[in-house]
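> for reference, the sequence and a predicted model appear below.
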Amino acid sequence: MKLRTDPGLTFDDVLLVPNRSGIRSRKDVSTETWLTRDIHLHIPIVSANMDTVTETRMAIAMAQVGGIGILHRFMSIERQAESVRRVKRAENMVVEQPLQIEQTATVSQARQKMAESDVGGLVVVDENRRLLGVVTTRDVLLAEDGQTQISSVMTPRDRLVVAGPGETMSQARLKLHEHRIEKLPLVDSEDRVIGLITAQDIVKIQDHPNATKDNRGRLLVGVALGARLSEDMARAEACAEAGADVFVVDIAHGHSEHTIEMVRQLKSRFPSIQVIAGNVATAAGVCDLAEAGADAVKVGIGAGSICITRIVTGFGVPQLTAIAECSEAGRKMGVPIIADGGIRNSGDMVKALAAGASSVMLGSMLAGTEESPGAPVVRDGRRYKVVRGMASLSANVERRSIDGKGEVADEDWAEVVPEGVEAVVPFRGAVADIIYQMVGGLRSGLSYAGARNIEELWEKAEFIRVTPAGQRESGPHDVSKI
């Protein structure tokens, strides 16, 4: 038996000591960071791979503001892969494989295909992929006869404005404006469809200049995986084919042999895709995962607001201490650290980054936003959204249902030992508003540290422990809030 007598610290146990600063404005600091060895972010925020936090809408919104979303794995392989495709299609410089339909298809079929894929138009082609026309939501929206062939409602080829494969974005923008059109098909010398540029995508590029994108102009997205080699390798294969940019091996106790082996297998089979592994709470865990090939390590055991691992098992390390010790090992191994759990406000995020993390993962803070899955519920006239830990009772049982592809027997409920809970959080509106406040707090924190970026914050950060009285002093006191 070993007994560490030094106390572990978490966010409320410390404050950061202000430094002399030459920073005149919060705009003069950079919030850029590295998610993994190769993936760069404009803001150090990742949405958690929880089924009440990150699905398609959240992943798109997070990438648009400069962070990234990790799609949870509590869904079928097919659905997760389709979620990846939806994110990758959400914003493009050029849609390289625009959705196509044959001219003999009906209005109802066109409506269904556009609704299922969440797109506003389809290119109509013949059997050789030659362009015959374009059909949009506007063409089919009010059509009374759903069995009418789309050839009678589409814009035919002779009325279309098209461009070649070398079209630049500025040229495309000019054509779209001059002809007052929304879609510009790209065709080769034989009039075969090779791409599509839309006015909506150009607007998105202008509206989201700091969006996290790949080298083809598509939004970046991550997917969560388990550590079952056969089943989760199939999941990884499908998501990789759909365009996933990063795998997250999502295991409650990441410092385990099966997690390490899963990382090795993923790096061997998908060398071009970055791999994040976790969760761990020790330097040894970071080193072992990095040696196996992990490109970043996720840190946090039992720190989340809906996690009860420490109560159920007795294991864990207070989050600030875990981040500090793991970050030191991460720098030696050349892998970034993601602080996962316990972040309740921008001040906690600044402390996590100052302790050595390169980014933070947010769960409950984002669960109440418009983009999180699920509809709001009303209690006493106020709106809430449900959030649950992925080791909660219902999540465990639902996972068994997905894995078994069938009904869950009553006895399965009794076999589960949950390490998470279900709760409600206030409805918080658009995720972009939450991120704006968080990043604003980080910019202020950098200026108090006299640091122009996160790496300088690591060097200049000085923590001071505070007493319970100091904690009370940090919040509003001796007043009545309005």
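Alright, I've got the coordinates.

> quick one: contacts for the closest residue to Val65 other than its chain neighbours?
Among residues not flanking Val65 along the chain, Ile435 sits closest, at 5.0 Å (CB to CB, 6 or more residues apart in numbering). C-beta here means a position set from N, CA and C on the backbone, and glycine is covered the same way. By CB atoms under 8 Å, 6 or more residues apart in numbering, the contact list for Ile435 reads Ile43, Ile45, Met62, Val65, Gly67.

> pick out the most distant pair among those residues.
For these, the maximum inter-member distance is 9.2 Å, found between Ile43 and Met62 (CB to CB).

> can you lay out the contacts of Ile435 as TSV showing pLDDT?
Below are the contacts of Ile435 laid out as TSV (pLDDT from 0 to 100):
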residue	pLDDT
Ile43	98
Ile45	98
Met62	98
Val65	97
Gly67	98
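
> so which of those are in strands?
Judged by DSSP state E, the contacts of Ile435 include Ile45 as members of strands.

> helices - which of the contacts of Ile435 land there?
Among these, the members falling in helices (DSSP state H) are Met62.

> closest to Ala252 out of the contacts of Ile435?
After measuring those against Ala252 - CB to CB - the closest member comes out as Ile45, at 22.2 Å.

> buried residues, stretch 306-316. List them.
If you call a residue buried by 16 or more other CB atoms under 10 Å, then stretch 306-316 has these buried ones: Ile306, Cys307, Ile308, Thr309, Gly316.

> my error: substitute stretch 12-21 in the last question.
Under 16+ other CB under 10 Å, the buried positions of stretch 12-21 are Asp12, Asp13, Val14, Leu15, Leu16.

> do stretch 171-187 as well
Going by neighbour count (16+ other CB under 10 Å), the buried part of stretch 171-187 is Ala172, Arg173, Lys175, Leu176, Lys183, Leu184, Pro185, Leu186, Val187.

> could I get the residues you listed as a markdown table with distance to Pro373, pLDDT and secondary structure?
Shown next, in a markdown table, are the buried residues of stretch 171-187 (distance: CB to CB, whole Å; pLDDT from 0 to 100; DSSP: H, G, I helix; E, B strand; the rest coil):
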| residue | distance to Pro373 | pLDDT | secondary structure |
| --- | --- | --- | --- |
| Ala172 | 34 | 83 | helix |
| Arg173 | 35 | 86 | helix |
| Lys175 | 38 | 86 | helix |
| Leu176 | 34 | 86 | helix |
| Lys183 | 30 | 87 | strand |
| Leu184 | 34 | 87 | strand |
| Pro185 | 34 | 88 | strand |
| Leu186 | 35 | 89 | strand |
| Val187 | 39 | 88 | strand |
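
> mind putting those into TSV with distance to Ser359?
Converted to TSV, the buried residues of stretch 171-187 look like this (distance: CB to CB, whole Å):
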residue	distance to Ser359
Ala172	34
Arg173	34
Lys175	40
Leu176	36
Lys183	36
Leu184	37
Pro185	39
Leu186	36
Val187	42
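
> how about those, which pair is most distant?
Taking CB to CB as the measure, the buried residues of stretch 171-187 have their most distant pair in Arg173 and Val187, spaced 18.6 Å apart.

> I'd say Ala296 and Asn279 touch.
No - the pair Ala296 / Asn279 is not scored as a contact, 11.9 Å apart, by CB atoms under 8 Å.

> break down the stretch 301-450 of the chain into its strands, ranges please.
Per DSSP state E, counting those that start in this stretch, the stretch 301-450 of the chain carries strands over the ranges 337-340, 359-362, 377-379, 382-388, 422-426.

> can you add mean neighbour count and give those back as JSON lines?
Shown next, in JSON lines, are those (neighbours: other CB atoms under 10 Å):
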{"stretch": "strand 337-340", "mean neighbour count": "30"}
{"stretch": "strand 359-362", "mean neighbour count": "28"}
{"stretch": "strand 377-379", "mean neighbour count": "10"}
{"stretch": "strand 382-388", "mean neighbour count": "19"}
{"stretch": "strand 422-426", "mean neighbour count": "16"}
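
> distance to Glu325 and mean pLDDT added to the ones you listed, as TSV?
TSV is the format used below for the strands of the stretch 301-450 of the chain (distance: least, CB to CB, whole Å; pLDDT from 0 to 100):
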stretch	distance to Glu325	mean pLDDT
strand 337-340	10	98
strand 359-362	17	98
strand 377-379	40	83
strand 382-388	28	82
strand 422-426	29	83
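
> mind listing what Ile197 touches?
With contacts defined as CB under 8 Å, 6+ apart, Ile197 is in contact with Met93, Val94, Val95, Ala163, Glu167, Met169, Ala172, Leu176, Lys183, Leu184, Leu186.
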